[in-house]
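J.: Here's a sequence, model it:
(chains A and B)
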2 protein chains.
Amino acid sequence: MKITNLQQCPSSAVSMDGAQGASRQVPIGKADGAPNFSIRVFTLEPGGHTPHHQHESEHLNFVLEGRGIVMEGETPRSVSAGDFVLVQPHEKHQYRNTGDGPLVFMCMVPSRYE
Amino acid sequence: MKITNLQQCPSSAVSMDGAQGASRQVPIGKADGAPNFSIRVFTLEPGGHTPHHQHESEHLNFVLEGRGIVMEGETPRSVSAGDFVLVQPHEKHQYRNTGDGPLVFMCMVPSRYE
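T.: Just a heads-up that it's a prediction; the model follows:
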């Protein structure tokens, strides 16, 4: 059993093309022996965003803090703390921080996409 | 894409043997077409608990609200809002609400264990 929190998890900048002002933590992942799924946590600075892209893995998201939009294809949808989001495989998507503080969200993916 | 929150998700009592004062919501699951993993949310009343059991699926947990203990085998470990917990397959475990308010936590499992 592993118990942790975000204060204990190292953070690294996201260097992926199309990402800006984004950092990443992995409170539960392959390194912990999680057999199927990983929990990543992304923090976007105000104005920051993830890539506007699509891929074969789904995302199971939960917004921990802040507010912003999720692009569903080309359509912006508002999200804020407490929202759950399912991004289907091959669905084009992007998170954008439109608020004044950090936008922090969990992003669960199959282990091979950690 | 599905966006929801706990206020929009129906809640049902947990009738599993060994559970007490527990209810369950499924913000993202098989009914939404989530291909691999489901997010269940359990709410334990003060004094409530989940079964003290083990099973072949892992749990990826995140505590949303409240405080309590997680039994790691026969050893109690404290948890509170903001904690992530990985329960490994076949690891005996139990959540107990030892606080004065609700203990609310996400519990992600492979779809077939939803």
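J.: Quick one: residues contacting the residue nearest to A:Ile39 when sequence neighbours are not counted.
T.: Leaving out its chain neighbours, the residue that sits closest to A:Ile39 by CB to CB, 6 or more residues apart in numbering or on different chains is A:Ile28, at 4.4 Å. All C-beta atoms are positioned from the backbone trio N, CA, C, and that covers glycine. If you count contacts by CB atoms under 8 Å, 6 or more residues apart in numbering or on different chains, A:Ile28 has them with A:2, A:4, A:34, A:38-39, B:60, B:84, B:86.
J.: hmm, try it at 6 Å
T.: Each residue near A:Ile28 by CB atoms under 6 Å, 6 or more residues apart in numbering or on different chains is listed here: A:34, A:39, B:60, B:84, B:86.
J.: would the fourth one count as being in a strand?
T.: If I follow you right, that is B:Phe84. Yes - applying DSSP: H, G, I helix; E, B strand; the rest coil, one finds B:Phe84 inside a strand.
J.: From the chain's centre, how far out is the strand ranked longest in chain A? Work that out for me.
T.: Ranked by residue count, the top strand of chain A under DSSP state E comes out as strand A:37-49. Computed by CA atoms, centre = their mean, to the nearest Å, the chain-centroid distance of strand A:37-49 equals 4 Å.
J.: which residue ranges form the helices in chain A?
T.: Along chain A, no stretch is classed among the helices by DSSP state H.
J.: Quick check: residues of chain A near chain B?
T.: A:1-5, A:27-28, A:32, A:34-37, A:39, A:58, A:60, A:72, A:77, A:82-87, A:110 (CB under 6 Å from any CB of the partner chain).
J.: Mind checking which of those residues are buried?
T.: The neighbour-count criterion (16 or more other CB atoms under 10 Å in any protein chain shown) marks A:1, A:3-4, A:27-28, A:32, A:34, A:36-37, A:39, A:58, A:60, A:72, A:83-87 among the residues of chain A next to chain B as buried.
J.: with the contacts of A:Ile28 in mind, which one is nearest to A:Gln20?
T.: A:Ile39 (22.7 Å; CB to CB).
J.: Before we move on, what's the pLDDT of the closest one?
T.: We have a pLDDT of 98 for A:Ile39.
J.: ok, now which ones touch it?
T.: By CB under 6 Å, 6+ apart, the neighbours of A:Ile39 are A:27-28, A:106, A:108, B:60.
J.: cutoff 8 Å now
T.: A:26-29, A:106-108, B:60, B:62, B:84, B:108.
J.: Sort out which one of these lies nearest B:Asp100 for me.
T.: Distances from B:Asp100 to those, taken by CB to CB, are shortest for B:Phe62, at 21.0 Å.
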